[in-house]
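Undergrad: sequence first, predicted model second:
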Amino acid sequence: MKRILISDTPNVIGQHVKLSGWVNVRRDHGKLIFIDLRDRTGIIQMVIIPDKEEAYQISKEIRNEYVISVEGLVKERPGGQEKSENPLGRVELEVEKMEIISRVEEELPFDVSKKDLDVNLVTLLDNRNLALRNKKVNDIFKVYSQILKSYGDVMREKGFLEIKTPKILSTATEGGANFFKIKYFKREAFLAQSPQFYKQAGVGAFERVFEIGTVFRAEPHFTTRHVNEYTGIY
């Protein structure tokens with residue numbers, strides 16, 4: 001069976017599907033086990049009943065952030081349990097088969113499923129690959145990606161050509177001391193402070209150019225702002 005994404009489940013109510021993703025939260029309610037499964041498109045509630053013995057036994061050992069693959073029936077949630085504000089809140093998956101793809105071998109430094117990660121910056125950056133799974137942090141990157149796309153689309157619609165300029169230079173392109181000096185093999189080089197020189201050269205051939213890229217300035221206020229945007233800690 002071919003895997004589908006969680007965001008597609010409202011369109012296949014009453015059908016058997018295969019989903020894969022991370023375990024966001026696992027809950028025991030008497031004999032029933034509920035698991036919130038997360039992939040890149042959203043979160044869906046799954047229910048595992050004792051009748052599906054093999055899946056039920058596997059679900060007992062599952063913990064948060066396990067990577068699993070499941071097969072089951074997409075159903076509408078019982079009356080009163082829907083969450084109308086979220087399209088995925090009106091469906092659930094009744095699990096029939098379950099497979100563990102990857103286990104969490106050690107205790108996690110924080111709970112990814114929490115709305116806010118109440119941890120210090122060092123812990124957050126030391127476990128960056130885990131922190132990126134948190135919805136709030138994850139959404140920051142999605143918004144940032146959409147901003148870049150929208151800006152690029154507008155510029156192209158106006159006839160601008162996107163270019164990519166060098167980031168390692170043989171000389172500093174602007175005055176002052178706010179540049180990063182590096183070793184490029186056996187030569188001294190500098191990280192680009194601005195693409196301005198190359199954009200000026202570009203307009204001589206293309207008339208309109210733009211670049212979405214990175215510049216490097218050795219200034220404390222700029223470095224601090226860049227770190228804040230990168231980590232999503234404001």
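TA: Cool, the structure landed. Residues are numbered from 1 along each chain as shown.

Undergrad: tell me the buried residues in the longest strand seen in the chain?
TA: Ordering each strand of the chain by length in residues (DSSP state E) puts strand 16-29 first. Neighbour counts over strand 16-29 (16 or more other CB atoms under 10 Å) mark Val17, Leu19, Ser20, Gly21, Trp22, Val23, Asn24, Val25, Arg26 as buried. C-betas here are computed from N, CA, C, even on glycine.

Undergrad: as TSV, these with pLDDT and distance to Tyr198 would be great.
TA: Formatted as TSV, these follow (pLDDT from 0 to 100; distance: CB to CB, whole Å):
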residue	pLDDT	distance to Tyr198
Val17	97	49
Leu19	98	46
Ser20	98	43
Gly21	97	42
Trp22	97	42
Val23	97	47
Asn24	96	45
Val25	95	49
Arg26	95	52
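
Undergrad: how about JSON lines for those, with distance to Glu105 added?
TA: Shown next, in JSON lines, are these (distance: CB to CB, whole Å):
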{"residue": "Val17", "distance to Glu105": "29"}
{"residue": "Leu19", "distance to Glu105": "23"}
{"residue": "Ser20", "distance to Glu105": "20"}
{"residue": "Gly21", "distance to Glu105": "19"}
{"residue": "Trp22", "distance to Glu105": "15"}
{"residue": "Val23", "distance to Glu105": "14"}
{"residue": "Asn24", "distance to Glu105": "19"}
{"residue": "Val25", "distance to Glu105": "19"}
{"residue": "Arg26", "distance to Glu105": "17"}
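
Undergrad: starting at the chain centroid, how far to the longest strand of the chain?
TA: 18 Å (CA atoms, centre = their mean, to the nearest Å).

Undergrad: name the helices or strands packed onto that strand?
TA: Judged by 3 or more CB pairs under 8 Å, 6 or more residues apart in numbering; DSSP states H and E, strand 16-29 is in contact with strand 32-39, strand 67-76, strand 91-102.

Undergrad: what comes up buried for the shortest one?
TA: Right, the one you point to is strand 32-39. Buried, per 16+ other CB under 10 Å, within strand 32-39: Ile33, Ile35, Asp36, Leu37, Arg38, Asp39.

Undergrad: got the contact list for the first one?
TA: If I follow you right, that is Ile33. Arg26, Arg27, Val47, Ile48, Tyr56, Ser59, Lys60 (CB atoms under 8 Å, 6 or more residues apart in numbering).

Undergrad: for the protein, which segments count as helices?
TA: 53-61, 121-126, 128-131, 135-157, 196-206, 220-231 (DSSP state H).

Undergrad: understood, closing this out.
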